[in-house]
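Visitor: Sequence and predicted model, in that order:
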Amino acid sequence: MSRIFKTPFTLSTVVAFSLVAFIIGILASRLFGAPTLHASAANSVASNKRVDVIVKATDSQFWQAMLAGSQAAGKDWGLQVGLFGATSEADVSDQTRLVENSISRNVDAIVLAPSSSQALDGVISRARSQNIKLITVDTRATVPSDGFIGTDNVKAGAQAADRLGALLQSKGVTSGQILIESSVAGVQSLVDRDNGFQNQLKARFPGLQVTAHRYNNNDTATALSQTNDVLSANSSLVGIYADNNVSADGVAQSIRENKAQDRVVAVGFDSDPQEVAALKDGTLKAILVQNPYYFGYQGVLSAAMAAQGKYAPPSLDPGAILVDSSNMNTPAIQKLLNPPTTKGGS
């Protein structure tokens, strides 16, 4: 399977705004093109730098794809990359332990997808105080880092609201209740994603009201149970927004079990095999898909550059792509829906 397209640049000759514009402007080719190696680019990343990558959990295809991207970057650029993740996205203490282990090993850099926007602030600051470069991915921390890679989740949430509202309008539905099925409370990426959804829904579709907001601690069975309860208790429920793949898996299972495909319109976020199957059979009408492989690949590259004292982009947003029945079978989207994956240690 094709790997991410590497940006051919020498850090000393590329200024920040042109790099960011390049990355955002050619997202599709970056996602699916074959690697392009330039000697000047290869020389800009020091080989043998030790970079630990720590994701929120190793039990999800999303994070496994990020680890695969990280692993590929290490192989391509001659870096020593360690792959780690907590057993659950809700286990902040376990992720904190992993960061502390990396500090103890005195690695050159850490790529971290924080499970909490604030709970890891102390360990992040401690790593940086020991001259370990730290790049955050997916979720920003509230303390400084050496760079951030992640989706503009406010914008992506608004995209989800636009599609959900338009789908309901196409059915002649302009009013009714909406459920937000969310993963973990207090995670800034999800907070932004949900706020973007709610604000856009209120602005463009005022007849659609978010009347239930549930948190499932990133557990499919809990998402299933919560959705069952809301479907049973609210005859005016017309739409569901699930803000990550685990939430969407539970929502889709509930819709099937309740034979509610014609009653509610559901839009999800991220992707995994269960979500793709739900999109294929129409249980989910659309999903917003990020590129975790890119998160991992570019995260390792940025971390190694920072560790070498070279320029690392302060913020990169690869965006999210709306996928539905009209484009899900195109070659480019198929590669995005079926990324390489690997599991890390704990």
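Guide: Structure's in. What do you need?
Visitor: what's across from Phe269 in the sheet?
Guide: Here Phe269 shows beta-bridge partners Leu288, assigned using DSSP bridges.
Visitor: Thought Ala160 was touching it, still the case?
Guide: Yes: with contact defined as Cβ atoms under 8 Å, Phe269 counts as touching Ala160 (6.8 Å). Where C-beta positions appear, they are placed from N, C-alpha and C, glycine not excepted.
Visitor: shared neighbours of those two, which are they?
Guide: Arg193, Leu288 (Cβ atoms under 8 Å, 6 or more residues apart in numbering).
Visitor: pretty sure Gly345 contacts Val81?
Guide: No: counting by Cβ under 8 Å, Gly345 stays clear of Val81, with 11.8 Å between them.
Visitor: The two: which has the busier surroundings?
Guide: Val81 (25 against 11; other Cβ atoms under 10 Å).
Visitor: any residues touching stretch 59-70, and which ones?
Guide: Contacts of stretch 59-70 (Cβ under 8 Å, 6+ apart): 4, 51, 53, 55-58, 81, 83, 85, 87-89, 111, 113, 137, 218, 244-246, 270-273, 290, 292-300, 339-344.
Visitor: who has more neighbours, Phe269 and Ala160?
Guide: Neighbours were counted for Phe269 and for Ala160 using other Cβ under 10 Å; Phe269 has more, 30 against 26.
Visitor: Please, which helix or strand holds Leu284?
Guide: Assigned by DSSP states H and E, Leu284 belongs to no helix or strand.
Visitor: Check the spacing between it and Arg256 real quick.
Guide: From Leu284 across to Arg256, the span is 10 Å (Cβ to Cβ, to the nearest Å).
Visitor: And Gly186, by the same measure?
Guide: Distance, Gly186 to Arg256, by Cβ to Cβ: 30 Å.
Visitor: these two touch, right, Ser102 and Asp52?
Guide: Yes: at 4.2 Å, Ser102 counts as touching Asp52 under the criterion of Cβ under 8 Å.
Visitor: The two: which has the busier surroundings?
Guide: Neighbour tally, Ser102 and Asp52, criterion other Cβ under 10 Å: the higher count belongs to Asp52, 28 against 24.
Visitor: Fine by me, we can end here.
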